[in-house]
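Trainee: Sharing a sequence plus its predicted fold:
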Amino acid sequence: MKTRTSIVLIALVAVAAAFGGWWLAQPGAAHRHTLEKRVNADGKTYYTCAMHPEVRQDKPGNCPICGMKLTVRSEAAATVAPQSKKPLYYYDPMVPTQHFDAPGKSPFMDMQLVPKYAEDASTTGETIVQIDPRMAQNLGMRVAPVKTGTFWQRIEAVGSVALDERRIVVVESRTAGWIEHLDVRAEGDPVRKGQRLAALYSPELFAARQELKLAQDAGDAALAKASRQRLRLLGGGAGAGSQSGVFSPLSGFVMELMAREGAQLAPGMPLMKLADLSQVWVNVEIPEALAGWISTGKSAEARLKSLPDQMFEGTVDYLYPQLDSATRTLRARLVFANPEGRLRPGMFADVSLFGGARRDVLLVPSEAVIRTGERTVVMVAESQGRYRPVAVQAGAERNGETMILAGLSAGQNVVVSGQFLIDSEASLLGAYQRLGTAPAASPSTEPVP
């Protein structure tokens, strides 16, 4: 009985072995759902699955996980770290602040951790940040050259229209008397140069005219001359009567009416205040950092919201000597011709001030400049995959370009997109603690009014 049982078991084992050998010989039987991940350090072509990028094979076929056809890919040669150096730590490029002691897969993303090696900064005192070129490409890092060019400064500001105070006059009475007739009766009324504003009755003026007539009748030339001088001082002519007129010395409008018809007058008493609108001021506030670009005589433009299609041209007339300590701005006074009177006091205007050009200056895209609060930094791209933070002295910015006064030289490449990874790595390596301030700018690059 035992012999028969042993024979049956031996026969079953033989059948199972034969079936296993037949199955292993079938095509595709060697595929597994978990393949060993191989890295092409030599940059060779490999095949992978679009849905399962961890699958990599050296020949075409189907994905062992989902059955899709594998697609061809090529991979740049990986940079092999010197065997003498050991990684400081491992990190996920998408979460660079988290460090790991051993290699493996990232708990955040479905990707392998990247080793971080110590950089030798003892000879240069600079910190070099290394980023895998493939990772830089995946993150969309872009670089741009530092170029030499001409920087045109144009300062935009909001201004308020005001009266030109040099074109305001006060009309006064030169003699005692009364206002018999007032030709201008309300503030804001327009006046023309030479127009009569009021008619005055003055007994003193009447006496002076009578005196002149008597001197002329008597043929006394000296007395007549003195009488004419007295009439001139009283503001009267050589005509007869006790009435004299007050006339406008300019064309403009009545700012203030200080006397009414029938009012008694004394010598030197003001009747009204007139303003000439043929030229006006526009006051603007210029930020302190840009004040050095503006000087008297610089040109300016102004536009009104009520007249968007019309542009007014003016010049910088005066820079006030005191800076506003609260707003850190400098007040500037601009002069604009206003022959048609469209610029009215109290209006707001969008003003452009032209500071001129600075030639042969260094320019970088504004997005390349990182302001940390303590210093201004750009990331300089060295050889492939190597970046260096550099402290710079930045100047004015306009139209997406920033002027660099010190810290860079023409021809260098700076990172303009994807700097967050380099900035994070530089902070972790203590680069900003070792980073000095940018050298002072040369006198030729300082703003000149």
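Mentor: Perfect, thanks for sending it. Numbers count the residues shown, from 1 in each chain.
Trainee: hey, what's residue 162 bridged with?
Mentor: Per DSSP bridges, residues listed as beta-bridge partners of residue 162: residue 281.
Trainee: for residue 331, same thing?
Mentor: residue 285.
Trainee: Next, the buried residues of stretch 192-208.
Mentor: Neighbour counts over stretch 192-208 (16 or more other C-beta atoms under 10 Å) mark 197, 198, 199, 200, 201, 202, 204, 205, 206, 208 as buried. Using the backbone N, CA and C atoms, a C-beta is placed for each residue, glycine as well.
Trainee: Need the worst-confidence member of the residues you listed.
Mentor: Ranked by pLDDT, those bottom out at residue 206 (67).
Trainee: what about residue 414, distance to residue 89?
Mentor: Note on residue 414: its distance to residue 89, by C-beta to C-beta, to the nearest Å, is 28 Å.
Trainee: more crowded one of the two?
Mentor: residue 414 (24 against 15; other C-beta atoms under 10 Å).
Trainee: now the helix or strand harbouring the more buried one, how far from the centre of its chain.
Mentor: Element membership for residue 414, per DSSP states H and E: strand 413-417. Distance of strand 413-417 from its chain centroid, counting by C-alpha atoms, centre = their mean, to the nearest Å, is 19 Å.
Trainee: give me the low-pLDDT residue ranges for the stretch 151-300 of the chain?
Mentor: Scanning the stretch 151-300 of the chain for pLDDT under 70 picks out 206-207, 227, 230-231, 233-243.
Trainee: Let's see that with 80 instead.
Mentor: For the stretch 151-300 of the chain, the stretches with pLDDT under 80 are 202-245.
Trainee: Which residue ranges of it form helices?
Mentor: For the stretch 151-300 of the chain, the helices defined by DSSP state H, counting those that start in this stretch cover 203-218, 221-234.
Trainee: quick one: contacts for residue 396?
Mentor: 151, 153, 289, 290, 293, 402, 403, 447 (C-beta atoms under 8 Å, 6 or more residues apart in numbering).
Trainee: so, if you compare those, which one comes nearest to residue 63?
Mentor: The nearest member of these to residue 63, counting by C-beta to C-beta, is residue 402 at 49.1 Å.
Trainee: Take the buried residues of stretch 192-208 and write them to a markdown table, including distance to residue 45.
Mentor: Shown next, in a markdown table, are the buried residues of stretch 192-208 (distance: C-beta to C-beta, whole Å):
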| residue | distance to residue 45 |
| --- | --- |
| 197 | 97 |
| 198 | 101 |
| 199 | 106 |
| 200 | 106 |
| 201 | 112 |
| 202 | 111 |
| 204 | 114 |
| 205 | 112 |
| 206 | 117 |
| 208 | 115 |
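Trainee: just those residues now: which is nearest residue 299?
Mentor: residue 197 (37.9 Å).
Trainee: how close does the closest one get to residue 259?
Mentor: Taking C-beta to C-beta, one finds residue 197 at 10 Å from residue 259.
Trainee: give the contact list for residue 167.
Mentor: So, once contact is read as C-beta under 8 Å, 6+ apart, residue 167 ends up touching 250, 252, 275, 276, 277, 278, 279.
Trainee: swap the cut-off to 10 Å and go again
Mentor: Contact analysis of residue 167 by C-beta atoms under 10 Å, 6 or more residues apart in numbering lists 250, 252, 274, 275, 276, 277, 278, 279, 280, 281.
Trainee: what do you get for residue 166?
Mentor: 276, 279, 281, 335.
Trainee: among those residues, who's most crowded?
Mentor: Counting neighbours by other C-beta under 10 Å, residue 281 leads the contacts of residue 166 with 22 neighbours.
Trainee: Distance of it relative to residue 354?
Mentor: 18 Å.
Trainee: likewise residue 247?
Mentor: Separation of residue 247 from residue 354 (C-beta to C-beta): 42 Å.
Trainee: Kindly report the same for residue 155.
Mentor: Relative to residue 354, and taking C-beta to C-beta, residue 155 is found at 8 Å.
Trainee: shared neighbours of the two, which are they?
Mentor: By C-beta under 10 Å, 6+ apart, the residues touching both residue 155 and residue 354 are 293, 294, 298, 300.
Trainee: picking that back up, what subset of the contacts of residue 396 is buried?
Mentor: The neighbour count (16+ other C-beta under 10 Å) marks 151, 153, 290, 293, 402, 403, 447 as buried among those.
Trainee: Could you find the closest non-adjacent residue to the second one?
Mentor: Yep, that's residue 153 we're talking about. Leaving aside its sequence neighbours, residue 153 sits nearest to residue 355 (C-beta to C-beta, 6 or more residues apart in numbering; 3.6 Å).
Trainee: mind listing what the one you found touches?
Mentor: Listed by C-beta under 10 Å, 6+ apart, the contact set of residue 355 reads 151-155, 286, 290-295, 298-299, 316, 396, 398, 447-449.
Trainee: Would you write a PyMOL line that selects the buried entries of these?
Mentor: Applying 16+ other C-beta under 10 Å to those, the buried members can be selected in PyMOL as follows:
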select buried, resi 151+153+155+286+290+291+292+293+294+298+316+396+447
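Trainee: now, which of the buried ones among the contacts of residue 396 sits nearest residue 133?
Mentor: For the buried ones among the contacts of residue 396, the nearest to residue 133 is residue 402 (27.0 Å; C-beta to C-beta).
Trainee: surely that closest one meets residue 368?
Mentor: Yes. With contact defined as C-beta atoms under 10 Å, residue 402 reaches residue 368; the gap is 7.8 Å.
Trainee: any idea which of the buried ones among the contacts of residue 396 is the one closest to residue 140?
Mentor: Taking C-beta to C-beta as the measure, residue 140 lies nearest residue 402 of those, at 21.2 Å.
Trainee: Can you tell me the element that closest one falls in?
Mentor: Residue 402 belongs to strand 401-406 when elements are defined using DSSP H and E.
Trainee: Report all helices and strands that that strand contacts.
Mentor: strand 147-163, strand 348-365, strand 376-381, strand 393-398 (3 or more C-beta pairs under 10 Å, 6 or more residues apart in numbering; DSSP states H and E).
Trainee: Pull the residues that contact whichever helix or strand comes after the second one.
Mentor: Read that as strand 348-365. Later in the chain than strand 348-365, the nearest helix or strand by DSSP H and E is strand 370-371. Contacts with strand 370-371, where a contact means C-beta under 10 Å, 6+ apart, come from 376-379, 389, 392, 394, 415, 419-420, 422-423, 426.
Trainee: now those residues: which count as buried?
Mentor: By neighbour count, with 16+ other C-beta under 10 Å, the contacts of strand 370-371 hold 376, 377, 378, 379, 389, 392, 394, 415, 419, 422, 423, 426 as buried.
Trainee: any idea how far the residue nearest to the second one when sequence neighbours are not counted is from residue 414?
Mentor: Spatial nearest neighbour of residue 377, chain neighbours left out: residue 370 (4.7 Å); criterion: C-beta to C-beta, 6+ apart. Here the distance between residue 370 and residue 414 works out to 10 Å (C-beta to C-beta).
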